[in-house]
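Chemist: okay, sequence plus prediction incoming.
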Amino acid sequence: MSILKMSTLFLRTLRDDPADAEVVSHKLLVRAGYIRRIAAGIYSWLPLGYITLRNIERIVREEMDNAGFQEVHFPALLPKEPYEATNRWNEYGPDLFRLKDRRGGDYLLGPTHEEMFTLMVKGEYSSYKDLPLTIYQIQTKYRDETRPRSGIIRGREFVMKDSYSFDLDDAGLQSSYDAHRAAYIKTFNRLGLKYSIVSAMSGAMGGSASEEFLAPCDTGEDTYVLCPSCGFAANVEAMTTKVLEKKFDVPPAIEILDTPNTPTIDSLVDVMNEKYQAGITAADTLKNILLIADGEPICVLVPGDREVDLKRLQANLSGVTELRLFEDEDFAKRKEFVKGYVGPQDAKKFGITLYADPRIQKGSNWITGANQANKHARYVTEGRDFAIDYYVEAAEVRAGDLCPKCDTPVVIDRAIEIGHIFQLGRKYAKSLDLTVLDKDGKPSVVTMGSYGIGISRAV
């Protein structure tokens, strides 16, 4: 290995922070001459940065090899058909870089490679004797981020280690999952990164069990909860709401009240307490959040003192790929929804699906919109006046919420995701017909695990 001399090193440090840098790591990497911006979310590596990146790759590769995993490599430019077979051509939505070749064929820049790994194993293996198997690659990925930010932490081009395990049964999958978990602990310990292992949602990846390796950071994009008593830890998307059950008396019939100029919860509480001496807080009111989910309107109910966490809601809405709040043009198309005065009591008449936060308990009654301008309704009761179609984890998680395991108030911290491990199960194997012959000579669908490490964001 040649010696790097400062006298000839291709390096230029900067005195001032870059104008577009919001987080410390981004500022330092640019000022120290590690990276340079090419376009939004796209960076080039200078010698010091690339040496660091390669050292991280080396450590990751050594730990993967030590665990008995084998390295392969796929192209970044991929055909549409495998992703169409698993429906991810559509599920990924606008995050997917799509392109056509000169003959009009559809291609994509790979955001992740489950399909390719599955097809590789399908083409090479056919017997249970070939399993278990774990293969991995270190490769550049592409995602068309809505808002690239934080330098190389959330870019549109990034380097990732992704590995996949293939087993005959669930016990084998658990063993492969545990082996990866142990290898990740060794890897991040060698890298000198502080981290927490938390329960997580699988999201577009699919599958069941899922854990994230999070590096605590004040400017991190991930929020997670910790229980100081039992040690429970989870990404906010995977946090489950613990509600102390109550028995409610049957309230009077719905009462329609004049509440002019009260489109917000705060203004409603003020009018209710001043005009009607209700003695309420925001927690006694019901928010009706209208959204468009894959083109269809839905309504999500949360207590008035909570906000809807859209990221958390989408993670818990199975199969929904695009989610957004109602906009003025949506209200214009659906005149029955009166902005600021929507209530759940007419949901069936309006033909809209009602989702509710678990805090909207059976038999609870609320002050909510009357579906008339400048009017609210009191004593609107679950089970009597409206029926919830589905419960969903939708509300923001706060410090002090109860731990789902031991009821202790949790604390909240921010972090950067540096690794994620999934038990995928048979989703991709079924879609792409990955089977092997079992001991009895019968076809058996292989079960899979998926395991990623953010190489470039580890820098």
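Modeler: Cool, got the structure. Note that the structure is a prediction, hence the values are computed from the model and not measured. Numbering: from 1, shown residues only.
Chemist: what are the bridge partners for Val411, then?
Modeler: Leu226 (DSSP bridges).
Chemist: tell me the contacts of it?
Modeler: Val411 is in contact with Val225, Leu226, Cys227, Pro228, Ala399, counting by Cβ atoms under 8 Å, 6 or more residues apart in numbering. (Each C-beta comes from the backbone N, C-alpha and C, glycine too.)
Chemist: please enumerate the helices of the chain.
Modeler: Assigned by DSSP state H, the chain shows helices spanning 24-31, 47-66, 81-85, 88-91, 114-124, 170-191, 265-275, 310-316, 328-333, 347-350, 427-431, 455-458.
Chemist: which other residues reach the third one?
Modeler: Taking Cβ under 8 Å, 6+ apart as the criterion, the residues outside helix 81-85 that touch it are Trp89, Tyr92, Leu108, Glu115, Met116, Leu119, Ser431, Leu432.
Chemist: for the second one, same thing?
Modeler: Helix 47-66 is contacted by residues 4, 9-11, 29, 32-35, 45, 71, 136, 138, 159, 161, 163, 183, 186-187, 190-191, 453, 455-456, 458-459 when judged by Cβ under 8 Å, 6+ apart.
Chemist: rewinding a little: can the contacts of helix 81-85 go into CSV with extra columns for distance to Lys246 and neighbour count?
Modeler: Output for those, formatted as CSV (distance: Cβ to Cβ, whole Å; neighbours: other Cβ atoms under 10 Å):
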residue, distance to Lys246, neighbour count
Trp89, 46, 18
Tyr92, 42, 19
Leu108, 50, 20
Glu115, 48, 23
Met116, 51, 21
Leu119, 53, 19
Ser431, 44, 19
Leu432, 49, 19
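Chemist: I'd like those residues laid out as a markdown table, including distance to Ser199.
Modeler: Formatted as a markdown table, those follow (distance: Cβ to Cβ, whole Å):
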| residue | distance to Ser199 |
| --- | --- |
| Trp89 | 29 |
| Tyr92 | 24 |
| Leu108 | 30 |
| Glu115 | 26 |
| Met116 | 28 |
| Leu119 | 30 |
| Ser431 | 26 |
| Leu432 | 28 |
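Chemist: out of those residues, who's nearest Pro260?
Modeler: Closest to Pro260 out of these is Tyr92 (45.8 Å), distances taken as Cβ to Cβ.
Chemist: right, and that closest one touches Thr321 too?
Modeler: Yes - using Cβ atoms under 8 Å, Tyr92 makes contact with Thr321 at a distance of 7.5 Å.
Chemist: and stretch 438-448, how far apart are its ends?
Modeler: By Cα to Cα, to the nearest Å, the extent of stretch 438-448 from end to end equals 16 Å.
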